[in-house]
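Visitor: Sharing a sequence plus its predicted fold:
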Amino acid sequence: MTTSPPTTLIESEDRREYKATRRRGLAVDLSMTLATILAALVIGFLVMLATGKDPIAAYEALLTGPLERSFRVGRWLEDATTLTLLGLSVAIPFRARQISLGAESQLYAGALAAATVAVFLPLPPVAAVIVPLVAAATAGAGMGFVPGSMKARLGANEIVATLMLNAIVVRVYDYLVNGPLKEPGSSAVHSERIQPDSALTPLTDWLGIPFGRANVGFLLMLLTAVALWLLITRTPLGYRIRMTGSNPHFAEYGGIRVPRAIEWSFVIGGAVAGLAGAHLVQGVYGRLEPGLAGSLAFEGIVVALLARNNPLVVVVAGLFYSYLRAGGDIMEQQTDVGTEIVVVIQAVIVLLVTAQALPDLLKRRLARRQATAIGEAGAR
Amino acid sequence: MNSVLDVVLSSAFLAAVLRVATPYLLAAMGGLVAERAGISNIALEGQMLSAACTGALVAGYSGSVAAGALAGVAVAVLLGVLLAALRLELGADAIIAGIGLNLLASGGTAYAVFTLLDDKGGTSGLKSGTLPTVTLPGIEHIPVVGEVLSGQNLVTWLAFLAAPFVAWLFFRTRFGFHLRAVGEMPDAAASVGIAVRRVQYAGLALSGALAGLAGVFLSMGYVSFFVRDMTAGRGFIALAAVFLGGLRPWGVFLAALGFGAAEALAVQLGTLDVPPQLVSTIPYAMTLLALALYAWRRKRRGVGEVAPASL
C-alpha cells in the first residue's frame, strides 16, 4: 500500500489510466443515479395521473417549492444535514458488505448522550459545543460496536442484531424522555433545553439570511463526508474495509484481519449516526423530543444505496433526497396530493437501484445471441 | 410478585397471548419458508401492511369480509412474487429489495387510504367488519381451556395450524424437500433436475400468503380497521423469530409464541407500577442475547455458516 511517486514512463501511464478509470466510474455512478431518479419521478407522475390528481401542479410545488423562500431553503439544508449523516453512517458498513440497519439505535444513543452533556454539564463556550458532539459520536460508536463485534467475532446475523438493538434503544429513549429526563414542571413531554452555549450556530447568524433552523452542522456534515471519503479511498483501514466488502476470502488470504475490518466499519458508521443525533439535539430541536428522528434512519439507507456508498456522492444524494422531502411537504400544503407519493417515489428509486442487473442482463442476452449466431455460422 | 403471577396464570391472559401471538406466528412461518428457499424475506412488514390495508378497503367497499381477506392475501402473494422476481430475474440484493418493498407498502397504503377516504390516519371511517370467531361446541364449557380457546378468531386457529403445516410441508412432501434443497445448495438442486427458480417463486408466494394472513388479522381480527403503519415493526420481529428458532418450524413457532407472550405481558405489567417501555424491551434483549449465544455455540462447535446462501 506504500505509494511512491511514479518514476518510469510505464508507471506514470498506468497511474493515468487508473485515474481515468476511476473518473469514468464516478461519471457512470452519477449518470445512473440521475437516470434512476428520473425514472422514479416519471412513475410517480403516472401514479398521480392514474389516481385522478393534477401531477403537473403537484410536481411544480414539489420541484420548485423548496427554493421559493429562504426559510424553506433552510428547512431543506437542515433536513439534508441529518439525512446525509445517516446515509454516510450506513455507507461505511455497506462498504464492508455488512447490512447494518442500526442507524436508528445509534442516532438515538447519540442524541441522548449529546443532550445529557449539553443540558447538565456546565462547560466553557467552545467546549460546550464540542464535548456533546464527541459524546454523541462515542455513544453512537458504542451502539455500532455491539452488533459489529457480534457479527465479526461470533458470526451473528447483523440484520437481526441491529434491528433488535433499534427496538431496545428506541424504547429506552422513550422511557427516559417520559421519565428521568423529562423537563420538571412541564406538561409537555420533552427534556430541558440545552445550554445556549451548546447550540450549533444557526446559518442565519453567519450569513444574515433567514435560514430557519439550518446551522453549522451542515458544514460539519460536509467535512465528515470528505473525511470519510479520504478514509475509504486513501487509508489502510479504508483499503481493508473495501477489500473485506469485495471479497472477504481473498482479503483473508491477503493478510487482512477481516473481523477487525468489519468491526471498525460498524464503529465508524455508528459514530457518524451519533453525530446525526447530536445535530438534531444541538442544531434543530435544542432538546430531546419524543420520536426525534421519525423514519429518517431507514431513509438514510436509501440515500447510501442511491449514492452507491461513495461518501462524496452520498452528499449529493442526501441533498436531493431531502429536497424531495421538503418539496413533498409543500406539495401537500398547496395541492391535494399527499406527501405519501414522495415515499412511493423513494421506494421506486430503491427498487430501481437494486435492479442494477437490468443493463447487465441485456448485455448478456445480446452476447448470448451473438454467440449462438456465430455458432450457427460455424456449423454451416 | 403475587399479582404478576395472578396475571400470568389467568385464563384471560392466556387468551390474550394467543391473540397477540397470531400475527407473529403467521409472519414468522412466512419468513421461515422464504429463508429455507434461499431468499431472505425482509419484506414481511410490507406484505403484512399491504394485506391489512387491502383487506380493510376491499371488505369495506364490497361489504364482504371474505373478499377483503382474499384480496389482502393476494396482494401479499404478489409482493412475494415481486421480491422473487427482483432477486432472480434482476439480480437484486434480497435485503435491499425488501427494504424498497417495505417503503413502497408504507407509502402506497397511506397514499391509497388518503386518496380514497381523504383521511390521513386510516380506514376507521369505513365499516369493514372482522373475520369470524370460532367456537367449538363442547370446548366452551371446559374450565380454563374453554375460556382460553373459545371465541378466538378464525385466523388465530389458522396461525396455530401454520407450524404443523410448514413442518409437514418441509419434511413430508416432495415440494418441501425441493425447497430445502434449493435453499441450501441451488447448484446441486439444479443438477438433479429440480426447477430451482420455480420452487423459489412458489416458496416466496407461500411466504407472502402467510404474511398476508398475518396482515389481514391485524385489520380484520385484532381491530376492524386499517391504521397507517399499523404493523409497527411486527414483520421485523417475526424475522428475528425465524433466526431465533434456528430455521426449524417448531423452533420458530416457540420463538414467535414467546414474542407474543412477552408483548402481552408488557401490556399487562403496564397497569402495574413498572415502566411499560422498559418491560417491552425484554423480548428484544432476550433475542439479542439468544442470537449471541446461538452464534457462539455454533462457532465453538466449529460448524461453518449454516445459514442459506441468501445471507
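Guide: In hand now; what should we look at?

Visitor: okay, CA-based contacts and neighbour counts for the rest of this
Guide: OK.

Visitor: How about the residues of the stretch 51-200 of chain B by chain A?
Guide: B:86, B:90-93, B:96-97, B:99-104, B:106-108, B:110-111, B:114-115 (Cα under 8 Å from any Cα of the partner chain).

Visitor: which bits of the stretch 1-150 of chain A sit near chain B?
Guide: A:51, A:150.

Visitor: which residues of the stretch 1-150 of chain A fall in helices?
Guide: Ranges of helices within the stretch 1-150 of chain A are A:9-50, A:55-64, A:70-95, A:103-120, A:125-149, based on DSSP state H, counting those that start in this stretch.

Visitor: what's the answer for the stretch 151-300 of chain A, then?
Guide: Going by DSSP H, counting those that start in this stretch, the stretch 151-300 of chain A shows helices at A:158-178, A:203-207, A:217-234, A:236-246, A:248-253, A:258-279, A:296-306.

Visitor: just the CA coordinates of the first one, formatted as PDB?
Guide: The C-alpha trace of helix A:158-178 is given here as PDB (Å, rounded to 0.1, in the frame of the first residue of the first chain):
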ATOM      1  CA  GLU A 158     -26.100  -8.400  11.700                       C
ATOM      2  CA  ILE A 159     -29.600  -7.600  10.400                       C
ATOM      3  CA  VAL A 160     -31.300  -9.200  13.300                       C
ATOM      4  CA  ALA A 161     -28.800  -7.800  15.800                       C
ATOM      5  CA  THR A 162     -29.200  -4.300  14.600                       C
ATOM      6  CA  LEU A 163     -33.000  -4.500  14.400                       C
ATOM      7  CA  MET A 164     -33.200  -5.800  18.000                       C
ATOM      8  CA  LEU A 165     -30.800  -3.100  19.200                       C
ATOM      9  CA  ASN A 166     -33.000  -0.500  17.500                       C
ATOM     10  CA  ALA A 167     -36.100  -1.800  19.200                       C
ATOM     11  CA  ILE A 168     -34.400  -1.700  22.600                       C
ATOM     12  CA  VAL A 169     -32.800   1.700  22.300                       C
ATOM     13  CA  VAL A 170     -35.900   3.400  21.000                       C
ATOM     14  CA  ARG A 171     -37.900   2.100  24.000                       C
ATOM     15  CA  VAL A 172     -35.200   3.100  26.500                       C
ATOM     16  CA  TYR A 173     -35.100   6.600  24.800                       C
ATOM     17  CA  ASP A 174     -38.900   6.800  25.100                       C
ATOM     18  CA  TYR A 175     -38.700   5.900  28.800                       C
ATOM     19  CA  LEU A 176     -36.000   8.400  29.600                       C
ATOM     20  CA  VAL A 177     -37.800  11.300  27.800                       C
ATOM     21  CA  ASN A 178     -41.000  10.400  29.500                       C
END
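
Visitor: tilt between that helix and helix A:103-120?
Guide: Following axes from the mean of the first three to the mean of the last three Cα atoms, to 10 degrees, one obtains 30 degrees for the angle between helix A:158-178 and helix A:103-120.

Visitor: What residues does the stretch 201-311 of chain B have near chain A?
Guide: Counting by Cα under 8 Å from any Cα, the stretch 201-311 of chain B sits next to chain A at B:236, B:239-240, B:243, B:275, B:277-278, B:280-281, B:284-285, B:287-288, B:291-292, B:294-296, B:299.

Visitor: buried subset of the residues you listed?
Guide: Using 16 or more other Cα atoms under 10 Å in any protein chain shown as the burial test, those include B:236, B:239-240, B:243, B:275, B:277-278, B:280-281, B:284-285, B:287-288, B:291-292, B:294-296, B:299 as buried.

Visitor: Among those, which lie within helices?
Guide: The helices, defined by DSSP state H, take in B:236, B:239-240, B:243, B:277-278, B:284-285, B:287-288, B:291-292, B:294-296, B:299 from those.

Visitor: Which of those sits closest to residue B:197?
Guide: Among these, residue B:239 lies closest to residue B:197 (Cα to Cα), at 22.7 Å.

Visitor: Pull the contacting residues for that closest one.
Guide: By Cα atoms under 8 Å, 6 or more residues apart in numbering or on different chains, residue B:239 lies in contact with A:160, B:27, B:28, B:31, B:32, B:42, B:44.

Visitor: Could you report the pLDDT at residue A:187?
Guide: On pLDDT, residue A:187 comes in at 80.

Visitor: That one: neighbouring residues, count only.
Guide: 8 (other Cα atoms under 10 Å in any protein chain shown).

Visitor: Next: residue B:37.
Guide: Residue B:37: 32 neighbours (other Cα under 10 Å).

Visitor: The closest residue to it other than its chain neighbours: which element?
Guide: Distances taken as Cα to Cα, 6 or more residues apart in numbering or on different chains put residue B:183 closest to residue B:37, at 4.1 Å, once the chain neighbours are dropped. Using DSSP states H and E, residue B:183 sits within helix B:174-184.

Visitor: could you dump that helix to CSV, C-alpha only?
Guide: The C-alpha atoms that make up helix B:174-184 are tabulated as CSV, following Å, rounded to 0.1, in the frame of the first residue of the first chain:
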residue,chain,number,x,y,z
ARG,B,174,-41.7,-33.5,-2.3
PHE,B,175,-42.1,-29.7,-2.6
GLY,B,176,-40.7,-29.2,0.8
PHE,B,177,-37.7,-31.4,0.1
HIS,B,178,-37.1,-29.5,-3.1
LEU,B,179,-37.5,-26.2,-1.3
ARG,B,180,-34.9,-27.1,1.3
ALA,B,181,-32.5,-28.4,-1.3
VAL,B,182,-32.8,-25.2,-3.3
GLY,B,183,-32.2,-23.0,-0.3
GLU,B,184,-29.2,-24.9,0.9
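
Visitor: Give me the residues contacting that helix.
Guide: B:35-39, B:169-171, B:188-190, B:194, B:196, B:199-200, B:203, B:308-309.

Visitor: cutoff 7 Å now
Guide: B:36, B:37, B:38, B:169, B:170, B:171, B:189, B:194, B:196, B:199, B:308, B:309 (Cα atoms under 7 Å, 6 or more residues apart in numbering or on different chains).

Visitor: List the buried residues in that helix.
Guide: B:175, B:176, B:178, B:179, B:180, B:181, B:182, B:183, B:184.

Visitor: can you check stretch A:63-70 too?
Guide: For stretch A:63-70, the neighbour count (16+ other Cα under 10 Å) marks A:63, A:65, A:66 as buried.

Visitor: Just the CA atoms of stretch A:324-333, as PDB, please.
Guide: Extracted C-alpha coordinates of stretch A:324-333, given in PDB (Å, rounded to 0.1, in the frame of the first residue of the first chain):
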ATOM      1  CA  LEU A 324     -37.900  15.700  -2.300                       C
ATOM      2  CA  ARG A 325     -38.900  15.500   1.400                       C
ATOM      3  CA  ALA A 326     -39.100  19.300   1.700                       C
ATOM      4  CA  GLY A 327     -40.900  19.600  -1.600                       C
ATOM      5  CA  GLY A 328     -43.400  16.900  -0.600                       C
ATOM      6  CA  ASP A 329     -44.500  18.900   2.400                       C
ATOM      7  CA  ILE A 330     -45.000  22.000   0.300                       C
ATOM      8  CA  MET A 331     -46.900  19.900  -2.300                       C
ATOM      9  CA  GLU A 332     -49.200  18.600   0.400                       C
ATOM     10  CA  GLN A 333     -50.000  22.200   1.600                       C
END
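
Visitor: quick one: the helices in the stretch 1-150 of chain B?
Guide: Going by DSSP H, counting those that start in this stretch, the stretch 1-150 of chain B shows helices at B:2-9, B:11-36, B:44-62, B:65-88, B:94-117, B:145-149.

Visitor: distance between the third one and the chain's centre?
Guide: When distances are taken as Cα atoms, centre = their mean, to the nearest Å, helix B:44-62 is centred 14 Å away from the chain's centroid.
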